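Asker: quick check, what structure comes out for this input:
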Amino acid sequence: SFHFSPKLPHKSWEGSEAAHEARIATVLQAKPGDKILDCGCGVGGPMRTISAVSGAHVVGITINDYQVQRAVRHNQKQGLGPLTSVVRGDFTQMPFEAKSFDGAYAIEATCHAPKLEAVYGEIFRVLKPG
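Answerer: So this is what the prediction gives:
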């Protein structure tokens, strides 16, 4: 992963990023049996950490075919294929059923949406109540 995370004392940049991603799983209270949305997943670095530490199934969406292929390859290579899936699609018009996710997160992706209301409206639509 190459995302901007605060540098933690006594941790490398990579360790700080992994800690940040693991914290997302904790904040979401993600656990085995949950279905979590990674909105704008790119090549899936955070998805792999979050699924590995929580046991939840993480579904990523990205508009880029290359990123889908690369994410799937890395997910399988790290043994996380059963806990992850990646979909090519537009996060302002997601191909998911309403109320089908237990949690969601976005890291540095939604800023690229033409209208924030569109992407966050979709996230709200696909999240289960509560």
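Asker: residues contacting the residue positioned nearest the centre of the chain?
Answerer: Centroid-nearest residue in the chain, with C-alpha atoms, centre = their mean: residue 38, separated by 2.3 Å. Taking C-beta atoms under 8 Å, 6 or more residues apart in numbering, we find residue 38 in contact with 44, 46-47, 50, 58-61, 104-107. C-beta coordinates here come from the backbone N, C-alpha and C atoms, glycine included.
Asker: pLDDT check: weakest of these?
Answerer: Among the contacts of residue 38, residue 107 carries the weakest pLDDT, at 92.
Asker: I'd guess that one is in a strand, am I close?
Answerer: No. Residue 107: not assigned to a strand; according to DSSP: H, G, I helix; E, B strand; the rest coil it is coil.
Asker: what's the longest helix in the protein?
Answerer: Taking DSSP state H as the criterion, the chain has its longest helix at helix 13-28.
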